[in-house]
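J.: Got a predicted structure plus its sequence, pasted below:
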Amino acid sequence: SVYLSGYWIGKYEVTRGEYRRFLQATGHAAPAYWDAVQEWYGGQPFTQTEDHPVVGVTWYDAEAYCAWAGGHLPTEAQWEKAARWTGSYPNVYPWGNVWDAEKCNNWYDHNSAGGGYQRYQTAPVGSYPSGASPYGLQDMAGNVWEWVADWYVSYPGSTSPFDYTGSYRVLRGGGWFDYGVSYRCAVRYYGGPGYWNSSGGFRLVRSGG
């Protein structure tokens with residue numbers, strides 16, 4: 001069991017509009033995929049508006065934004081509690097224990113906000129309200145993988161311990177191109193802190209609460 005002090009966590013993933021204000025205020029370099037519309041995979045348009053989550057950010061980019069905004073990236077424990085804890089037990093998915101492709105932006109959902117069925121596309125944040133977590137957070141499954149603060153290490157007591165401190169940071173939540181088990185709240189993905197792609201974003205945490 002893990003017990004956490006109070007904290008505030010963003011209801012939504014950080015958007016392009018929010019990230020733009022950070023770029024304008026600091027002069028920080030724009031991330032990859034910053035163009036509003038960009039041809040992607042087989043010529044499909046990869047549309048982005050100010051309400052879409054920012055993508056193409058490294059862990060360093062995400063942490064720099066959070067520090068500028070008066071916060072930090074969530075720890076894995078903070079992220080997972082916000083994604084699945086009901087007050088008495090943890091959900092498998094943010095919305096419950098049964099997979100439903102229509103509750104998040106993934107390869108097989110039909111929501112036009114995410115481009116529709118089998119489309120390469122993020123969705124404006126909050127476009128899947130029926131997939132909210134018990135705490136009311138949106139897009140904790142699907143849309144973009146989210147950077148968290150931790151290095152990629154095994155949990156205490158693991159029968160197969162590993163430690164990639166200094167090499168890999170953790171991402172959570174699954175992206176728009178995944179499906180099925182990738183969206184379980186317990187799933188972990190990892191990448192070097194300088195890694196980025198078109199389905200990687202983040203959300204902000206502030207201490208207290």
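T.: The structure has been received and is ready for your questions. Residues are numbered from 1 along each chain as shown.

J.: which residues does the closest residue to Glu76 other than its chain neighbours contact?
T.: Counting by CB to CB, 6 or more residues apart in numbering, Glu76 lies nearest to Asp150, which is 4.7 Å off, once chain neighbours are set aside. Where you see a C-beta, it was placed from the backbone N, CA and C, and this is true even at glycine. Each residue near Asp150 by CB atoms under 8 Å, 6 or more residues apart in numbering is listed here: Thr75, Glu76, Arg169, Val170.

J.: Can you give me the separation between the residue nearest to the first one when sequence neighbours are not counted and Arg172?
T.: Put plainly, it is Thr75. Setting aside the residues directly before and after it, Thr75 is nearest to Ala149 in space (CB to CB, 6+ apart), at 5.1 Å. From Ala149 over to Arg172 the distance is 11 Å, taken as CB to CB, to the nearest Å.

J.: Looking at these two now, which is surrounded by more residues?
T.: Per other CB atoms under 10 Å, whichever of Ala149 and Arg172 has more neighbours is Arg172, with 23 against 19.

J.: The more buried one against Arg188, yeah?
T.: Yes. In this structure, Arg172 is within contact of Arg188 by CB atoms under 8 Å, at 6.7 Å.

J.: So which bits of stretch 114-121 are buried?
T.: Applying a neighbour-count criterion of 16 or more other CB atoms under 10 Å, one finds Gly114, Gly115, Arg119, Tyr120, Gln121 buried in stretch 114-121.

J.: The fourth one should be in a strand, yeah?
T.: No. Secondary structure assignment (DSSP: H, G, I helix; E, B strand; the rest coil) places Tyr120 in coil, not in a strand.

J.: what does the model give Glu158 for pLDDT?
T.: Careful, residue 158 is Ser and not Glu. With respect to pLDDT, Ser158 scores 93.

J.: Equivalent analysis for Gln38, please.
T.: Note on Gln38: pLDDT of 64.

J.: Would you check how far apart the residue nearest to the spatial centre of the chain and Thr26 are?
T.: Centroid-nearest residue in the chain: Glu146, 2.6 Å away (criterion: CA atoms, centre = their mean). Distance, Glu146 to Thr26, by CB to CB: 21 Å.
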